[in-house]
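>>> for reference, the sequence and a predicted model appear below.
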Amino acid sequence: MGEEILALRKRYGLTQQQTPTIFGKGKIAFSRYESETSYPDESTTLLLTLAIEKAEVMKYLADKAGVDLPLWPERCEDDRGVKLRLIPGGRTSTTTTHKQNMQPDFSPGPFASNMLLGPVRPIIFPVASNDSVDLLEVVAS
């Protein structure tokens, strides 16, 4: 868990003094967690795991503790991972004869990968009517 705590701290640009404030622990305890000379209790481990897995949890905890996350804007960009871009001249027409499921299709394309973010999944929204629509391309940012 020490490596994960260190990675979390560096991901958001936090110091060794700021991180324990967010999680309600002391500086010495967190230093020991990072070096794995001691381990956090079960509730702290759960909170750390949530913060590692869910950026919004980290932001919420930091805001509650009054700690600024210096790299928060950059992490938001990383989490988005993709941007939509209009393909010039790309048009399609689809005829709908029955009610379509309006859930997006997240199936990966044949070359979908990104070493930093893991698999990149194109987002394809089914057409709901006979209208022509511009095609959108999903590109890594």
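Nice, I can see it.
>>> return the helix or strand in this protein with minimum mean pLDDT.
Lowest on mean pLDDT, DSSP states H and E among the helices and strands of the chain sits strand 82-93, with a mean of 48.
>>> what about the strands in this protein?
82-93, 132-140 (DSSP state E).
>>> and stretch 46-55, which residues are buried?
By neighbour count on 16 or more other Cβ atoms under 10 Å, the buried set for stretch 46-55 is Leu47, Leu48, Ala51, Ile52, Ala55. Any C-beta I mention is one placed from the backbone N, CA and C, and that applies to glycine too.
>>> need the contact list for the third one.
In this structure, Ala51 makes contact with Leu8, Ile22, Phe23, Val57, Met58, Leu61, judged by Cβ atoms under 8 Å, 6 or more residues apart in numbering.
>>> what distance do you get for Lys54 to Thr44?
According to Cβ to Cβ, to the nearest Å, Lys54 and Thr44 sit 16 Å apart.
>>> likewise Ile22?
Distance from Ile22 to Thr44, by Cβ to Cβ: 11 Å.
>>> who has more neighbours, the two?
Higher neighbour count among Ile22 and Thr44: Ile22, with 25 against 17, using other Cβ atoms under 10 Å.
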